[in-house]
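S.K.: no sequence for this one, just the structure:
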């Protein structure tokens, strides 16, 4: 039994340490605060029990109650992660929790995290030290009136010089500014206040010290005072999709790569899967039989990553494909094949069934075509007309999952929606209706665009190919220039 006091960093999931991510995935219980980023919590195992100790009617949970929860859960023998913003020992009261656990005889470990004191200024383009401007920085809390009035010698900080980083000081910023000026800081000293730093909703305000008290600063904010605050090496909010909200409609198991790429360009991604995948109605019996005799085919045609994955799960030895040529509808499907150690023999320049049919070599022989249970007949019919013997086998089934309660509201706030297949279009329309669509609709390839238009949807842009990279380019092309 161990309780891990884990620093979650300031918000951006990319700032989690490797150790923190590993423990979060292994945790059976996660005790977290009110400001825990949902994207960080999403890194916990689905079976983990989440305990929110940051909310309750009537006010925040007292520290003594949190300590009691940690002792009780830790003593149960479960793997417990106490997830704390920033670093647990930098104004995170991690020391108090460690003291309580030690007193109760419950083993604990501390996993340091990246503190908002340095990460948030960096995301705002402000180095806390800079040659010629500051050779030191002081981190101080302004969370309570007592801390401001009695625990911190603001006048001494002003006299010492260097950079002053104030955490949790929004409510008392006027008094903090007054004390610093009284201690000798020039009223015109630059100040940067960053709200929701390292998150997609980050906002940065630049003012003079004597303007800080009346400035419209909202919590949670990190306030930087000093000459370095006059520097502006902004990068985070200059990414092409910063501040944009994009709905990704792919299945949950497939959305992560597209979401990661869009988030890397600054977007807030709302993953609202409108399709899901399961076993075909025969439980995969037909595919099992086809794979057992796969060496008897001349070609295997894959028109989706799902069909590759379903087939490869059943293929015990890749040598069974010796002498069998493999076709992939596009680069994304070919990439999944490569991850299985198989190089596609045919990848058409046009990434759809029509393109694959056009590129198919002349000849005759047997073709195995594992596909969705509701897939189109175009490729199979075309190959048969050309003289090929085609076995169409159901590899998986698509269905539309029930939308979550808050997903309609999330969609309503979005700037754009990405449709990655005709199935995602029909799933969205079934779940939310055409009227719920954002103004910008982006489709992956002409086939998906045709399905969207047939459903009465006005399509804004179509990616050049059926790949994640091309889809990202299409989003940037529309929203990045708006």
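M.R.: On my side now, so go ahead. Just so we're clear, the structure is a prediction, and the values are computed from it rather than from any experiment.
S.K.: The helix or strand hosting residue 192 pairs with which strands, parallel or anti?
M.R.: For residue 192, the element it lies in under DSSP states H and E is strand 190-195. Next to strand 190-195 in the sheet, as set by DSSP bridges, lie strand 203-208 (antiparallel), strand 221-225 (antiparallel).
S.K.: average model confidence for it?
M.R.: Mean per-residue pLDDT for strand 190-195: 98.
S.K.: sorry, back to before: nearest to residue 258, of the strands paired with strand 190-195?
M.R.: strand 203-208 (26.1 Å; Cβ to Cβ). (Each C-beta comes from the backbone N, C-alpha and C, glycine too.)
S.K.: Just the buried positions in the strand holding residue 192, please.
M.R.: 190, 191, 192, 193, 194, 195 (16 or more other Cβ atoms under 10 Å).
S.K.: Hmm, the third one is touching residue 206, no?
M.R.: So the one you mean is residue 192. Yes: Residue 192 lies in contact with residue 206 (Cβ atoms under 8 Å); the separation is 5.5 Å.
S.K.: Need the overlap of contacts for the two.
M.R.: residue 229 (Cβ atoms under 8 Å, 6 or more residues apart in numbering).
S.K.: about what we covered before: the buried residues of strand 190-195 into JSON lines, with extra columns for distance to residue 46?
M.R.: As requested, the buried residues of strand 190-195 are exported to JSON lines (distance: Cβ to Cβ, whole Å):
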{"residue": "190", "distance to residue 46": "46"}
{"residue": "191", "distance to residue 46": "43"}
{"residue": "192", "distance to residue 46": "39"}
{"residue": "193", "distance to residue 46": "38"}
{"residue": "194", "distance to residue 46": "33"}
{"residue": "195", "distance to residue 46": "32"}
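S.K.: Show me which pair in these is furthest apart.
M.R.: Taking Cβ to Cβ as the measure, the buried residues of strand 190-195 span a maximum distance of 17.3 Å, between 190 and 195.
S.K.: Quick check on residue 346: phi, psi?
M.R.: phi -140, psi 120 (degrees, to the nearest 10).
S.K.: cool, residue 50 as well?
M.R.: phi -100, psi 130.
S.K.: For it, name its beta-bridge partners.
M.R.: residue 30.
S.K.: Now do the same contact list for it.
M.R.: Residue 50 touches 30, 32, 41, 44, counting by Cβ under 8 Å, 6+ apart.
S.K.: Neighbours of the last one, how many?
M.R.: Taking other Cβ atoms under 10 Å as the criterion, the count of residues near residue 44 is 21.
S.K.: Report the contact partners of it.
M.R.: So residue 44 contacts 24, 25, 27, 30, 50, 81 (Cβ under 8 Å, 6+ apart).
S.K.: Tell me where the stretch 351-482 of the chain has helices.
M.R.: Ranges of helices in the stretch 351-482 of the chain, per DSSP state H, counting those that start in this stretch, are 353-359, 378-385, 407-412, 422-432, 445-454, 468-479.
S.K.: Residue 228: which of these is closest?
M.R.: Closest among those, using Cβ to Cβ: helix 468-479, at 31.9 Å.
S.K.: Tell me which other helices or strands that closest one touches.
M.R.: helix 255-264, strand 416-419, strand 440-443, strand 461-462 (3 or more Cβ pairs under 8 Å, 6 or more residues apart in numbering; DSSP states H and E).
S.K.: Show me the domain layout of the chain.
M.R.: Annotated domains of the chain cover 2-114, 118-236, 245-275+402-479, 280-399 [automatic domain parsing].
S.K.: Give me the residues contacting stretch 201-218.
M.R.: 123-124, 170, 173-178, 180-181, 185-196, 223, 225, 229, 232, 234, 236-237, 243, 268.
S.K.: Quick one: distance of that stretch to the chain centre.
M.R.: 29 Å (Cα atoms, centre = their mean, to the nearest Å).
S.K.: model confidence over that stretch, on average?
M.R.: 95.
S.K.: Buried residues of it, list them for me.
M.R.: 202, 203, 204, 205, 206, 207, 209, 210, 212, 215, 217.
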